[in-house]
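S.K.: The amino acid sequence is not available; the structure is as follows:
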């Protein structure tokens, strides 16, 4: 498993186990998929990039930036912002679970932006999660 996949797995595990998130988005709609349209509402995981910051000579630690997409069919951005707020709160709790040989040493929401989809009916939020992931 890659550090990017381990982080995605940890994020999904946290989101589906957090009632404030699943109260807004069913766990079955928190997934990794390429297909559009996304279910409404949904949280789509997948894109990521890893950077070796050279913090350890063993090169066992990387910083991963993972995008989390929030989709909701609505006339405003309010629902997407509510879902993003629930995600932010869920990730505020430090992750201590190992994921298939990787430890998520730290994570945080590095940025969030909200967009109006060109279809005129859908709001879209993009959150970037920054995490330090260490191979154990």
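M.R.: Arrived safely, thanks for sending. Treat the numbers as computed from the prediction; the structure is a model and nothing was measured.
S.K.: Could I get the full set of strands for the chain?
M.R.: For the chain, applying DSSP state E gives strands covering 30-31, 42-51, 61-73, 98-99, 102-116, 122-135.
S.K.: Distance from the first one to the middle of the chain?
M.R.: A distance of 10 Å separates the centroid of the chain from that of strand 30-31, by C-alpha atoms, centre = their mean, to the nearest Å.
S.K.: Equivalent analysis for the fifth one, please.
M.R.: Distance of strand 102-116 from the chain centroid (C-alpha atoms, centre = their mean) equals 6 Å.
S.K.: For the closest residue to residue 9 other than its chain neighbours, give me its contacts.
M.R.: Residue nearest to residue 9 in three dimensions, not counting chain neighbours: residue 99, with 4.9 Å by C-beta to C-beta, 6 or more residues apart in numbering. C-betas here are computed from N, CA, C, even on glycine. Contact analysis of residue 99 by C-beta atoms under 8 Å, 6 or more residues apart in numbering lists 1, 6-7, 9-10, 13.
S.K.: hmm, 7 Å instead?
M.R.: Applying C-beta atoms under 7 Å, 6 or more residues apart in numbering, one finds that residue 99 lies in contact with 6, 9-10.
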